[in-house]
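[1] here's a sequence, model it:
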Amino acid sequence: MVREPPHNVRFVTFGCKANQYDTQILRSALLRRGLEESRRDAELVVINTCTVTAEAGRKARQLVRRLARESPGCRIAVTGCLAESEPDILRSLPNVEWVLGNGEAKRPIHFLSELGFELDPEELGIPAGITEFVGHTRAFLKIQDGCDMACAFCIIPRVRGASRSRPAAELSAEVRRLLASGHREIVLCGIHIGHWGRDIDSNLGVLLEELAAVCGTDAEGREIDWRMRLSSIEATEVRGPVLEAMARHPRRIANHLHMPMQSGDDGVLSRMNRWYDSAEYLENCARIRENLDRPAFTADLLVGFPGEDERAFENTLEAVRRAGFARLHVFPFSPRPGTRASDPARLGGAVDPGSVRERRAALSELGSTLGREFRRSLGDLDETIVLEGSIGLCGRYQRVRVPAEAFADGELPLEGLWDCRLEAVETANGEIELIGLSRDEKKEPSVQ
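    I've put the predicted structure just below:
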């Protein structure tokens with residue numbers, strides 16, 4: 001018996017920006033068929049999963065079980081990387097009707113057909129992108145998928161496949177649609193964006209130049225002021241055409257780079273099968289700083305990788321200090337089935353969990369200290385921010401508070417980029433708050 005299509009839907013996304021973009025593809029397809037998005041008692045729940053860590057998988061399975069208990073009649077679709085890596089386990093969970101991995105099964109046409117919807121002719125091919133990013137001021141633009149590298153700890157190449165680039169013309173058209181929908185910052189994301197173009201005889205620098213030339217217009221015919229931001233990119237890939245494009249378009253391309261370091265110890269990096277050592281990473285940071293004005297560096301760090309001893313961790317702390325990161329994302333090592341590091345004994349032995357917790361805390365504390373120093377260094381700097389209410393995000397990936405009087409004077413646009421001068425103010429708890437002032441503002445803002 002064919003069931004009636006659902007009337008409402010809930011979306012839950014775990015993991016990276018690429019996953020959030022993939023969710024948006026399905027959201028667009030379902031919402032334009034009249035489904036309402038609901039946070040509670042939804043007839044259909046779509047869970048887009050991550051399998052980077054064991055914890056990410058545990059949380060997704062836990063959510064499925066909880067939803068089945070709370071809403072026994074809901075129908076659950078599980079998609080994403082966990083659906084690719086452990087489909088049989090997911091199919092055994094209560095209320096799960098669909099397990100859509102990252103291959104052919106994930107294409108919206110199959111899911112829509114099984115839900116009982118008719119398909120539009122343009123939906124029969126591979127989705128050519130989105131028109132808006134519902135619920136977000138900033139929109140994500142997925143420029144590629146997959147990864148050709150083989151880091152010892154990473155399961156993603158196995159569940160996402162080889163690197164595949166989307167055509168530049170298709171991406172430019174999608175940027176225009178997103179601008180027309182009101183988005184003023186576009187975040188270029190993927191699994192390994194530095195490899196964009198390798199499979200189509202191009203490179204990321206060429207794409208940046210093409211996207212930088214995109215000119216959208218608003219409803220009144222005025223040219224839209226907007227910017228793009230690179231998501232995660234390897235430090236070794238920010239050179240040549242990529243760095244030249246960033247230097248040539250400082251307003252169009254945000255002055256921020258998220259460059260995974262993973263470790264600052266050469267022995268650990270070698271066992272991770274990373275393709276650089278700590279000196280090369282730091283040399284890349286120095287070269288970028290020579291070409292860009294006070295760029296913000298953020299990074300991922302992995303603690304507790306097999307064989308990481310105290311000396312190796314101290315080397316990581318020193319490398320992090322020298323890099324001068326604006327923000328750190330610190331993760332404990334989690335062995336993933338099918339990776340070289342799935343058996344820690346082969347790579348130097350597992351690290352004691354207590355040591356992992358201590359190292360994670362120490363690295364996070366250092367990250368907080370470096371973040372305060374970076375924010376303090378931005379005082380009296382001219383910047384542009386994208387507004388999200390009374391809080392904005394500047395090009396250097398820092399939250400900026402906009403004083404209420406800026407709204408009262410009518411000088412602050414409701415959308416678009418706003419030029420301001422940053423003021424770094426120390427708060428009562430010792431944190432550094434950035435405040436956006438009009439560039440001709442003379443008086444100090446009041447801080448509560």
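[2] contacts and neighbour counts: CA atoms only from here.
    OK.
[3] show me how this protein divides into domains.
    Domain ranges of the chain: 8-123, 138-377, 382-437, per automatic domain parsing.
[4] backbone dihedrals for the spatially closest residue to Glu318 that is not a sequence neighbour, both of them.
    Nearest non-adjacent residue to Glu318, counting by CA to CA, 6 or more residues apart in numbering: Gly264, 7.6 Å away. Backbone torsions of Gly264, given as degrees, to the nearest 10, read phi -110, psi 10.
[5] and for Leu31?
    Dihedral angles of Leu31 (phi, psi; degrees, to the nearest 10) stand at phi -70, psi -30.
[6] count the neighbours of the closest residue to it other than its chain neighbours for me.
    Excluding the flanking residues, the one nearest Leu31 by CA to CA, 6+ apart is Glu37, at 7.5 Å. Look at Glu37: counted by other CA atoms under 10 Å, it has 17 neighbours.
[7] residue contacts, Glu37?
    8-11, 31 (CA atoms under 8 Å, 6 or more residues apart in numbering).
[8] which of these are buried, as a ChimeraX select command?
    Command for ChimeraX that selects the buried part of these, burial taken from 16 or more other CA atoms under 10 Å:
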select :8,9,10,11
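[9] thinking again about what came up before, identify the residues contacting the residue nearest to Glu318.
    277-278, 312-313, 315-320.
[10] who is Leu437 paired with across the strands?
    Residues found in beta-bridge contact with Leu437 (criterion: DSSP bridges) are Arg421.
[11] that one reaches Arg421, doesn't it?
    Yes - counting by CA atoms under 8 Å, Arg421 is a contact partner of Leu437 at 5.1 Å.
[12] more neighbours: which of these two?
    Using other CA under 10 Å, the more surrounded residue of Leu437 and Arg421 is Leu437, with 25 against 21.
[13] could you measure the residue nearest to Glu318 against Ala361, distance?
    16 Å (CA to CA, to the nearest Å).
[14] again with Arg61
    27 Å.
[15] ok, those two, which is more surrounded?
    Using other CA under 10 Å as the criterion, Arg61 and Ala361 rank with Arg61 on top: 18 against 13.
[16] per-residue confidence at the more buried one?
    pLDDT, Arg61: 97.
[17] then Pro5?
    84.
[18] quick check: closest non-adjacent residue to Ala312.
    Distance criterion CA to CA, 6+ apart; nearest residue to Ala312, sequence neighbours excluded, is Asp265 at 5.3 Å.
[19] the one you found and Asn315 touch, don't they?
    Yes - if you go by CA under 8 Å, Asp265 and Asn315 touch, sitting 5.3 Å apart.
[20] looking at those two, which is more packed in?
    Asp265 (22 against 16).
[21] in the stretch 151-300 of the chain, which spans are helices?
    If DSSP state H, counting those that start in this stretch is used as the criterion, the helices of the stretch 151-300 of the chain fall at 156-160, 168-180, 204-212, 240-248, 266-271, 278-291.
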